[in-house]
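Show me the folded form of this:
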Amino acid sequence: MTYDQITLQLQKKHFAPIYFLMGDEPFYIDEISNYIEEHTMPEEQRDFNQMLVYGKETDADEVIAMAKEFPFGTEKRVVIVKEAKELKNIERLVKYAETPAQTAIVVICYKYATLRASQLKAVEKNGVVFHSEKIKDYNLSKWILSHVGKYQFKMQPFVANLLAENIGVDLSRIDNEFKKLTIFLPPNSEITADIVEKHIGISKEYNVFELQSALAKREIDKAYKIVHYFCQNIKQTPNVVTINSLSSFYLKLLAYNLSDKTIEAKTKVFGNAPFIQKINVEYAQKHSVLELQKIIGILREYDAKTKGVESNLPDEELLKELVYKITH
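Predicted coordinates:
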């Protein structure tokens, strides 16, 4: 099952007798186990009916014994096994899944490891198996833009990129930063770069996504300001990376302008996020097909020059020339 499917079932109070949560992304495993821990029964019943144990400190037989105890004053017991990768005799717990106690909910948090599908057939038949996969770097900004809505905040794509570049694929930390922002930001607030700098501690530095935006909006003064910053920090913002990113950006705008401009075309070119679709469609509408083809040609020319083809100019000068030709 997917994370969204499991969450929906939990919200409806449809609990399985056993959950096997495995994989390299701890965030979703924690989210599911924490939800079960906090929402299965009233707090006053947890002392008698909810057990939280750690793999290093117990074994499968003890977990099974806890699960088979009869609940006191409630319909089900909850047994949550953290750090289950360290659990002794875990195969016995998998065997338990063949006939799990219907008066218990057993949650196995098997982080940073997986079992083979053949080993988990009984769990899949009688409970839930969830494989929490690590998010790809190139999908992180999109994940941030989607996840920020959970806290009723808004965010521009370049701010999501700023977070992605500086924090990296640490979903738990990103989520915690959003939680902290709820303390002083009202619902529907926009998380700006200044807020990120002040409250999350990430320095506001120009990046290629802001250059894309400035060029697409024809904000020439801002584009030159960003280029000046890039030239002063050319090792951190190499031309090869800048040109590759700009090329990808303009190729998408061209692909959209050459398409039938349907909803399916927007999704195919720009992805599923509605906000990203909207802003990129606006950028595309500001450019003709001929203009986009010209810009892509300029980018290809300067990609070659940056790699030493028919040019010995320093990268700083090449970047200035490139942006001048795009904007004139």
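
where exactly do the strands run in the protein?
Listed in chain order, the strands found in the chain under DSSP state E are 18-23, 50-54, 77-82, 104-111, 128-132, 154-155, 190-191.

Let me have those in CSV, adding mean neighbour count, distance to Asn257 and mean pLDDT as columns.
For glycine as for every other residue, the C-beta is placed from the backbone atoms N, C-alpha and C. Listed next are the strands of the chain as CSV, based on neighbours: other Cβ atoms under 10 Å; distance: least, Cβ to Cβ, whole Å; pLDDT from 0 to 100:
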stretch, mean neighbour count, distance to Asn257, mean pLDDT
strand 18-23, 23, 40, 96
strand 50-54, 17, 56, 95
strand 77-82, 24, 52, 96
strand 104-111, 24, 45, 96
strand 128-132, 20, 39, 96
strand 154-155, 19, 27, 92
strand 190-191, 18, 29, 93
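
Flag the shaky bits of the chain, pLDDT-wise.
202-205 (pLDDT under 70).

so who does the residue most central in space within it touch?
Centroid-nearest residue in the chain: Trp143, 3.3 Å away (criterion: Cα atoms, centre = their mean). Neighbouring residues of Trp143 by Cβ atoms under 8 Å, 6 or more residues apart in numbering: 135, 171.

Neighbours of Pro100, how many?
Number of residues near Pro100 (other Cβ atoms under 10 Å) recorded here: 21.

and it, what does it touch?
Pro100 neighbours (Cβ under 8 Å, 6+ apart): 17-18, 67, 106, 126-127.

Nearest to Ala117 among those residues?
Of all the contacts of Pro100, Ala117 sits closest to Gly127, with 14.3 Å by Cβ to Cβ.

re the thing from before, can you tell me how far the residue nearest to the centre of the chain is from Asn89?
Distance, Trp143 to Asn89, using Cβ to Cβ, to the nearest Å: 37 Å.

distance of Ile167 from Asp194?
In terms of Cβ to Cβ, Ile167 sits 17 Å off from Asp194.

Name the residue in those two with the higher neighbour count.
Legend: neighbour count by other Cβ under 10 Å for Ile167 and Asp194, higher for Ile167 (17 against 10).

hang on, isn't that one packed against Asn176?
No. Using Cβ atoms under 8 Å, Ile167 makes no contact with Asn176, being 10.4 Å away.

Quick check: nearest residue in space to Ser288, chain neighbours excluded?
Asn257 (7.6 Å; Cβ to Cβ, 6 or more residues apart in numbering).

residue contacts, the one you found?
Asn257 neighbours (Cβ under 8 Å, 6+ apart): 284, 287-289, 292.

Please repeat the previous calculation with a cut-off of 10 Å.
Neighbouring residues of Asn257 by Cβ atoms under 10 Å, 6 or more residues apart in numbering: 269, 281, 284-285, 287-289, 291-293.

Who wins on neighbours among those?
Among the contacts of Asn257, Ala284 has more neighbours than the rest - 24 neighbours, counting by other Cβ under 10 Å.

That one and Asn257: what is the separation?
5 Å.

Then Gln152?
Distance of Gln152 to Asn257, given as Cβ to Cβ: 34 Å.

next one: His39
His39 is 48 Å from Asn257, where distance means Cβ to Cβ.

nearest spatial neighbour of Glu37, skipping sequence neighbours?
Excluding the flanking residues, the one nearest Glu37 by Cβ to Cβ, 6+ apart is Ile80, at 5.9 Å.

and the one you found, what does it touch?
With Cβ under 10 Å, 6+ apart, Ile80 has these contacts: 19, 33-34, 36-37, 40, 50-54, 63, 105-109.

anything in contact with each of Ala284 and Asn257?
269, 292.

Where do the helices of the stretch 201-328 of the chain begin and end?
Remark: helices assigned in the stretch 201-328 of the chain by DSSP state H, counting those that start in this stretch are 208-216, 220-232, 239-258, 263-270, 274-285, 289-306, 315-327.

Just name the most buried of those.
Highest mean neighbour count of these: helix 208-216, a mean of 22 (counted as mean count of other Cβ atoms under 10 Å).

okay, the angle between it and helix 274-285?
Following axes from the mean of the first three to the mean of the last three Cα atoms, to 10 degrees, one obtains 40 degrees for the angle between helix 208-216 and helix 274-285.

can you dump the C-alpha coordinates of helix 208-216 into PDB?
In PDB, the C-alpha atoms belonging to helix 208-216 read as follows (Å, rounded to 0.1, in the frame of the first residue of the first chain):
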ATOM      1  CA  VAL A 208      19.700  29.400 -11.000                       C
ATOM      2  CA  PHE A 209      15.900  29.100 -10.400                       C
ATOM      3  CA  GLU A 210      15.800  32.800  -9.600                       C
ATOM      4  CA  LEU A 211      17.800  33.600 -12.700                       C
ATOM      5  CA  GLN A 212      15.200  31.500 -14.700                       C
ATOM      6  CA  SER A 213      12.400  33.500 -13.200                       C
ATOM      7  CA  ALA A 214      14.100  36.900 -13.800                       C
ATOM      8  CA  LEU A 215      14.800  36.100 -17.400                       C
ATOM      9  CA  ALA A 216      11.300  34.700 -18.100                       C
END
